[in-house]
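Student: A predicted structure for the sequence below; I have some questions about it.
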Amino acid sequence: MATVGKGVLFIVASPSGGGKTTLIRETMRRLAEHGRPAHFSISHTTRSPRSKETDGVHYHFVDRDRFEAMVNRGDFLEWAEYAGNLYGTSRAEVENRLDAGEDVFLDIEVQGASQVKTKIPEVVKIFVYPPSYEVLKNRLTERRQDSAEAIRRRLRWAVREFGMGGEFDYAIINDRLDEAVGALFGICVAEHHRTHRLNTSLDAIREAFRSALERDITQ
Ligand code: 5GP
């Protein structure tokens with residue numbers, strides 16, 4: 001896959017605990033193996049870091065004042081409140097990477113996904129479904145990072161998020177990781193083969209073809 005023009009922006013949304021972070025990272029590893037390194041956008045959040053999270057790696061952890069100042073400056077491509085905390089995507093980070101021809105992955109919830117679609121209509125939106133209520137509840141409980149009340153809030157919110165899943169371009173059921181990675185990788189490859197994204201390369205091929213034909217038949 002050659003890098004021509006702007007990169008493609010992918011939003012991967014799912015209820016918290018849906019396993020999308022692992023899914024995105026595994027897919028990015030495969031894309032890199034196929035010559036298409038992509039960038040995983042690091043969000044800002046007012047949520048406190050969990051025990052295994054590092055500032056600047058998993059999130060930029062900021063307080064509410066700093067977050068609100070960034071909102072007022074227009075620093076965010078999108079932002080939303082989720083389960084009592086604020087989350088936002090840096091506009092500059094995303095735009096710079098896309099302009100450099102890199103694909104960018106956003107791991108964001110559904111309200112933010114709608115805002116991005118309004119600003120960047122060519123975004124590709126993928127919704128990741130957990131295979132069942134029990135699986136999502138187990139994943140949230142097993143990571144031992146949220147209180148029982150926080151888990152209940154996230155499960156209730158999941159139902160609202162499913163209601164917006166129909167607005168997405170693609171759906172992936174995250175039951176077996178290898179199959180889900182195969183699906184997301186396939187979507188990324190297919191999106192690069194959309195005719196409008198290949199037009200620059202196709203124009204060059206068409207033009208070279210026409211010239212070669214003319215040379216050939218006038219000999
Ligand atoms: P968590 O607190 O579990 O890391 O994330 C909670 C939810 O916030 C997840 O659904 C995650 O995708 C979403 N999220 C993370 N970063 C952003 C962001 O920058 N913007 C929006 N709108 N949602 C985000």
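Tutor: The structure has been received and is ready for your questions. Numbers count the residues shown, from 1 in each chain.

Student: what about whatever residue of the chain ends up closest to the ligand, how many neighbours?
Tutor: Ranked by C-beta to the nearest ligand atom, the top residue of the chain for proximity to the ligand is residue 112, at 2.4 Å. From N, CA and C alone the C-beta is placed, and that goes for glycine too. By the criterion of other C-beta atoms under 10 Å, residue 112 has 22 neighbours.

Student: wait, what's in contact with it?
Tutor: Residues in contact with residue 112 (C-beta atoms under 8 Å, 6 or more residues apart in numbering) are 78, 79, 80, 87, 88, 89, 106.

Student: show me which of those residues neighbour the ligand.
Tutor: With C-beta under 6 Å from any ligand atom as the criterion, the contacts of residue 112 include 78, 80, 87, 88, 89 near the ligand.

Student: what kind of secondary structure is the first one in?
Tutor: To tie it back to what came earlier, the one meant is residue 78. Per DSSP: H, G, I helix; E, B strand; the rest coil, the secondary structure class of residue 78 is strand.

Student: So what sits opposite it in the bridge?
Tutor: Under DSSP bridges, the beta-bridge partners of residue 78 are residue 89.

Student: Pretty sure it sits against residue 109.
Tutor: No: using C-beta atoms under 8 Å, residue 78 makes no contact with residue 109, being 9.9 Å away.

Student: tell me the SS of residue 11?
Tutor: With three-state DSSP as the basis, residue 11 sits in strand.

Student: what's the burial count for residue 11?
Tutor: By other C-beta under 10 Å, the residues close to residue 11 number 27.

Student: do the same with the one 4 residues further on
Tutor: Residue 15 has 26 neighbouring residues, counting by other C-beta under 10 Å.

Student: Which residue is the nearest non-sequential neighbour of it?
Tutor: Leaving aside its chain neighbours, residue 15 sits nearest to residue 158 (3.5 Å; criterion: C-beta to C-beta, 6 or more residues apart in numbering).

Student: With residue 100 instead?
Tutor: With C-beta to C-beta, 6+ apart, the residue lying closest to residue 100 is residue 7, at 7.2 Å.

Student: Around that neighbour, count how many other residues there are.
Tutor: Around residue 7 there are 20 other residues, counting by other C-beta under 10 Å.
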